[in-house]
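A.B. asks: No letters, just coordinates:
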């Protein structure tokens, strides 16, 4: 089992709220702008701000837990945390074993990036992170899929010439395209937007977060947060 790194975010403290009732939010901490670890060693990014606000609106005390992506679902099911908030797209396959809130982003584009605009993504060697909707998509094309454990490894692979292209969320790839020789080659819409994932037995807790997401949509603060972090998929 992967080591878990805890960073406490005490939110909306209420009289008599026991530590046993702390809600643990699981994230990867390695997928900016959605989630990453800042210089202070704390979870940061769009989902950190979003999660903190959702906990406040739901009158919950929350704690952040980081976990490697390849075991993030397994550790949710093992009760090492209570929810996943980690740039996880809502898909039929995942909904077979977990329950999701409504999306806190609309479906936004996934993209291919390469060192050359002439790459044919349907025949190329393409890197993607293991267990993502992008890796599943590449596997359905004529491309050769090479999977990596972390998103940073996919970038290193294309920059180092190990693969022809990388596929990931366009929001994640955008800074690398802006700052390096990578260029966008193609994009595609996958999944049903990004939401929080819960064990199927935790419907009451899921409902509290679902209502909080709805309230942020209604008052415009969710779109404000998406704008702040330059994430596509506004409502």
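C.D. replies: Everything's here; your move. Just so we're clear, the structure is a prediction, and the values are computed from it rather than from any experiment. Numbers count the residues shown, from 1 in each chain.

A.B. asks: Beyond the one helix or strand residue 204 maps to, next helix or strand please.
C.D. replies: Taking DSSP states H and E as the criterion, residue 204 maps to helix 203-219. Next along the chain after helix 203-219, taking DSSP H and E as the criterion, comes helix 221-228.

A.B. asks: Tell me the gap between that next one and the middle of its chain.
C.D. replies: 16 Å (CA atoms, centre = their mean, to the nearest Å).

A.B. asks: That helix vs helix 203-219, what angle?
C.D. replies: Helix 221-228 runs at 70 degrees relative to helix 203-219, counting by axes from the mean of the first three to the mean of the last three CA atoms, to 10 degrees.

A.B. asks: Show me what helix 221-228 is packed up against.
C.D. replies: helix 46-57, helix 203-219 (3 or more CB pairs under 8 Å, 6 or more residues apart in numbering; DSSP states H and E). Placement of C-beta: from N, CA and C, glycine included.

A.B. asks: Show residues contacting that helix.
C.D. replies: With contacts defined as CB atoms under 8 Å, 6 or more residues apart in numbering, helix 221-228 is touched by 46, 49-50, 53, 104-105, 213, 216-217, 232-235.

A.B. asks: what does stretch 40-49 give?
C.D. replies: With CB under 8 Å, 6+ apart as the criterion, stretch 40-49 contacts 7, 9, 27, 29, 32-38, 64, 66, 85-87, 225-226, 228-229, 231.

A.B. asks: quick one: the residue nearest to residue 89 when sequence neighbours are not counted and residue 29, what's the gap?
C.D. replies: Excluding the flanking residues, the one nearest residue 89 by CB to CB, 6 or more residues apart in numbering is residue 191, at 3.3 Å. Going from residue 191 to residue 29 by CB to CB, to the nearest Å gives 21 Å.
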